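Visitor: Turn this into a structure:
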Amino acid sequence: MNTALTPAPDPDRDKAVFEQCFAQYRTLNEQLNRIPPFAVTLTGGFWYIAVVIKTYGALGAGYENLARFCLMMFAGVCNLMLILIAIRVRDVMRAYEKPLSAYAAGAGPDTSRGRVPFLGDYSMIGMYCTLILGGAILSFVAGWVLFWKGNAAANPCGRGRRDRHCRALVCRL
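Guide: Residues are numbered from 1 along each chain as shown. Below is the predicted model:
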């Protein structure tokens, strides 16, 4: 029997691998838990700039609406990207769970009881992503309703007027 091809188990190496995997898993968990507050801060900041601040002063009313519309669309796109980032971080965490549970078989708590049936291991991140998706949808709808369609007072072209200002991108629907 050739023992050179089958190395003997090394408990110190296994412990070191476990500790490294667990440290990486803990870091991923911290990153995952920072995504929802970041989404709220980002969306709230963009909404504040677009909706609450009265005027920038440097832009005309039509261009100001275009800037606000773009800001709201950017907020929605950022929220969609944060959803994808959260799912990816959770996928990477899942890859670390297998070696961690293999080393510490039965030592961790049984978390299978508290899972939402259709979400499984992704129950918490699924709920986070649903809330972030709601913010994205509201950003898209608010941007369209408040700043793209606009009203006649904020739109330099008015409704249906076609003059030199209406050649701008703002007035083309």
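Visitor: Would you mark the buried spots in the host helix or strand of Val17?
Guide: Secondary structure here is read from DSSP states H and E; on that basis Val17 sits in helix 11-47. Residues of helix 11-47 classed as buried under the neighbour-count rule (16 or more other CB atoms under 10 Å) are 21, 25, 28, 32, 35-36, 39, 42-43, 46-47. Heads up, the C-betas are built off the backbone N, CA and C, glycines and all.
Visitor: need the contact list for Phe140.
Guide: 72-73, 76 (CB atoms under 8 Å, 6 or more residues apart in numbering).
Visitor: Top of those residues by number of neighbours, please.
Guide: Greatest neighbour count in these, by other CB atoms under 10 Å, goes to Met72: 27 neighbours.
Visitor: Distance of that one relative to Thr41?
Guide: In this structure, Met72 lies at 16 Å from Thr41, with CB to CB, to the nearest Å as the measure.
Visitor: Kindly report the same for Trp148.
Guide: If you measure Trp148 against Thr41 using CB to CB, the figure is 25 Å.
Visitor: next one: Phe147
Guide: With distances taken as CB to CB, Phe147 is found 22 Å from Thr41.
Visitor: ditto for Gly134
Guide: The value you get for Gly134 to Thr41, if CB to CB is used, is 16 Å.
Visitor: and what of Asn79?
Guide: Between Asn79 and Thr41 the distance, using CB to CB, works out to 12 Å.
Visitor: and Thr130, which of the three is it?
Guide: Taking DSSP: H, G, I helix; E, B strand; the rest coil as the rule, one finds Thr130 in the helix state.
Visitor: Name the nearest residue to Leu32, sequence neighbours excluded.
Guide: Val89 (4.8 Å; CB to CB, 6 or more residues apart in numbering).
Visitor: Give me the pLDDT for the one you found.
Guide: The per-residue pLDDT reported for Val89 equals 94.
Visitor: The helix or strand where it lies - contacts with which helices or strands?
Guide: Remark: Val89 resides in helix 61-103, with elements defined by DSSP H and E. If you count contacts as 3 or more CB pairs under 8 Å, 6 or more residues apart in numbering; DSSP states H and E, helix 61-103 packs onto helix 11-47, helix 123-142.
Visitor: Quick one: closest of those to Tyr96.
Guide: Distances from Tyr96 to each of the helices and strands packed on helix 61-103 were compared using CB to CB; the minimum, 4.4 Å, belongs to helix 11-47.
Visitor: Quick one: mean pLDDT for that closest one?
Guide: Mean pLDDT, computed over helix 11-47, is 90.
Visitor: Next, the angle from that helix to helix 61-103.
Guide: With axes from the mean of the first three to the mean of the last three CA atoms, to 10 degrees as the criterion, the two stretches helix 11-47 and helix 61-103 enclose an angle of 160 degrees.
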